[in-house]
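> output the structure for:
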Amino acid sequence: MNDYQKLEVWQLSKDVCVKVYKLTENFPSKEIYGITNQIRRSSISIASNLAEGSGRRGKRDFLKFVGYAIGSANELETQLIISKELEFISHKDFEELIEELIIIKKMLFNLSKYLNSKL
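I've put the predicted structure just below:
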């Protein structure tokens, strides 16, 4: 599967990443190498792992990268929770991103199940 850009989960992941980058522009400057960097890296990693995995040889390799994407989604969720508790993001922004992230995680889980069934 080389046409990862047609995957709805990739599109949603990319959109969440863009939102995260815009949102973190307002984080304290002292956090640029801390949570700002971490939250950006985990958000970009979701879509990036889907892209990389889709270019691999077979379903088994793709499945492995879908697993990495799930891990990155969990990291992002944790970092959003921490950012909210530190009051770096508003409750409204947090809720919107978490809702989208839950959808992405469900889609990743279903993609993982599908790929696993084809092995």
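
> which helix or strand contains the most centrally placed residue in the chain?
Note on the chain: the residue nearest the mean C-alpha position is residue 46, at 3.6 Å, using C-alpha atoms, centre = their mean. Counting by DSSP states H and E, the element that carries residue 46 is helix 35-54.

> report the angle between the helix or strand harbouring residue 114 and helix 35-54.
Element membership of residue 114 [criterion: DSSP H and E] is helix 91-117. Counting by axes from the mean of the first three to the mean of the last three C-alpha atoms, to 10 degrees, helix 91-117 points 30 degrees away from the direction of helix 35-54.

> mind listing what's buried along helix 91-117?
Residues of helix 91-117 classed as buried: 93-94, 97, 101, 104-105, 107-108, 111-112, 115 (neighbour count, 16 or more other C-beta atoms under 10 Å). (Each C-beta comes from the backbone N, C-alpha and C, glycine too.)

> average pLDDT for it?
Per-residue pLDDT values across helix 91-117 average out to 97.

> how about stretch 32-52?
pLDDT averaged over stretch 32-52 gives 97.

> numbering from 194 from now on, please.
In the new count, where the first residue is 194, that last one comes out as stretch 225-245.

> and it, which residues are buried?
228-229, 231-233, 235-245.

> thinking again about what came up before, the residue nearest to the centre of the chain - nearest residue in space that isn't next to it in sequence?
residue 206 (4.2 Å; C-beta to C-beta, 6 or more residues apart in numbering).

> which secondary structure element contains the one you found?
helix 201-217.

> what's that helix packed up against?
In this structure, helix 201-217 makes packing contacts with helix 228-247, helix 252-278, helix 284-310, judged by 3 or more C-beta pairs under 8 Å, 6 or more residues apart in numbering; DSSP states H and E.
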